[in-house]
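Turn this into a model:
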Amino acid sequence: MPTYVSLIDVTDREVQNTQDLASIWGEIRTEFEEHEADLVDSYAVLGKYDFLIIFEAGDHESAFKSALTLRRHGLEGETMEIVDTDDFAHLVDEI
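Below you'll find the predicted structure:
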């Protein structure tokens, strides 16, 4: 299954405390499953972004729905498909 990473900036005024975020993560995990995506891991980040989310989705449509789910919960960010470095090296060898 393709893997995606979302770099998240918490911009919604309603999401400003830890209790709100804990509740939101549970909702997001459930909604990802409804979109046939799996929330693999999440991290708090120091720097430009507040969180990093790693998820897997069966296709681009599921990935788009998952990214839109994040936005709907007040989590703005960038979502990108990522490839394992060993898989990337294999692709390079094929060229």
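
Could you give the number of residues near Lys65?
Neighbours of Lys65 under the rule other CB atoms under 10 Å: 17. The C-beta positions use only the backbone N, C-alpha and C, and glycine is treated the same way.

quick one: what helix or strand has it in it?
If you go by DSSP states H and E, Lys65 is part of helix 60-72.

and what of Leu39?
Assessed by DSSP H and E, Leu39 sits inside strand 37-44.

what pairs with that strand, and is each one parallel or antiparallel?
Strand 37-44 has its sheet partners listed here by DSSP bridges as strand 51-57 (antiparallel).

Buried ones in the strand it pairs with, by neighbour count?
Phe51, Leu52, Ile53, Phe55, Glu56, Ala57 (16 or more other CB atoms under 10 Å).

tell me the angle that strand makes with helix 60-72.
150 degrees (axes from the mean of the first three to the mean of the last three CA atoms, to 10 degrees).

can you list contacts of strand 51-57?
Here strand 51-57 makes contact (CB atoms under 8 Å, 6 or more residues apart in numbering) with 1-8, 10, 32, 35-45, 63, 66, 70, 75, 77, 82.
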